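Trainee: Sequence plus the predicted model coming up.
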Amino acid sequence: QVRLVESGGGLVQPGGSLTLSCAVFGLSLYEYSIGWFRQAPGKEREGVSCISSSDGSTYYGDSVKGRFTIVRDIAKNVVYLQMLNLKPEDTAVYYCATDCTVGRAKYWGRGTQVTVSS
């Protein structure tokens, strides 16, 4: 059974940092690229970052470049999203999924809430 489980969200002040985890069960990180997405209230779900299954290449949305880093631990089957210098506009529910594109991802986690506020 394939499952993706996000964790690590929370409340943080502007300028702070968080690291999200996406634990993947039932498939290998060599089989599927893993994407991080987010959805704020009243907005569409958007891509944040992605790591390729084939060679570990990474991709970032323009709004998070230079602040977020995606890494994967093959041995643990976990993908992390390190978030630095967080801004109020980063507030959203963050999801991981088995693709870099929203419309193509077959498996999704349930999400973890990130709130950036003073």
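Mentor: Sure thing, it's come through.
Trainee: C-alpha only now, for contacts and for neighbours.
Mentor: Will do.
Trainee: ok, and the closest non-adjacent residue to the most centrally placed residue in the chain?
Mentor: The chain has residue 36 as the residue nearest its centroid, 2.8 Å off, counting by C-alpha atoms, centre = their mean. Leaving aside its chain neighbours, residue 36 sits nearest to residue 96 (4.5 Å; criterion: C-alpha to C-alpha, 6 or more residues apart in numbering).
Trainee: Please export the C-alpha coordinates of the helix or strand harbouring the residue nearest to the centre of the chain as PDB.
Mentor: In this structure, residue 36 sits in strand 34-39 according to DSSP states H and E. Extracted in PDB, the C-alpha atoms of strand 34-39 (Å, rounded to 0.1, in the frame of the first residue of the first chain):
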ATOM      1  CA  ILE A  34       8.600  13.600  -5.200                       C
ATOM      2  CA  GLY A  35       7.100  17.100  -5.300                       C
ATOM      3  CA  TRP A  36       6.200  19.500  -2.500                       C
ATOM      4  CA  PHE A  37       3.100  21.600  -3.100                       C
ATOM      5  CA  ARG A  38       1.200  24.100  -1.000                       C
ATOM      6  CA  GLN A  39      -2.200  25.500  -0.800                       C
END
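Trainee: Parallel or antiparallel, which strands does that strand pair with?
Mentor: strand 46-51 (antiparallel), strand 92-97 (antiparallel) (DSSP bridges).
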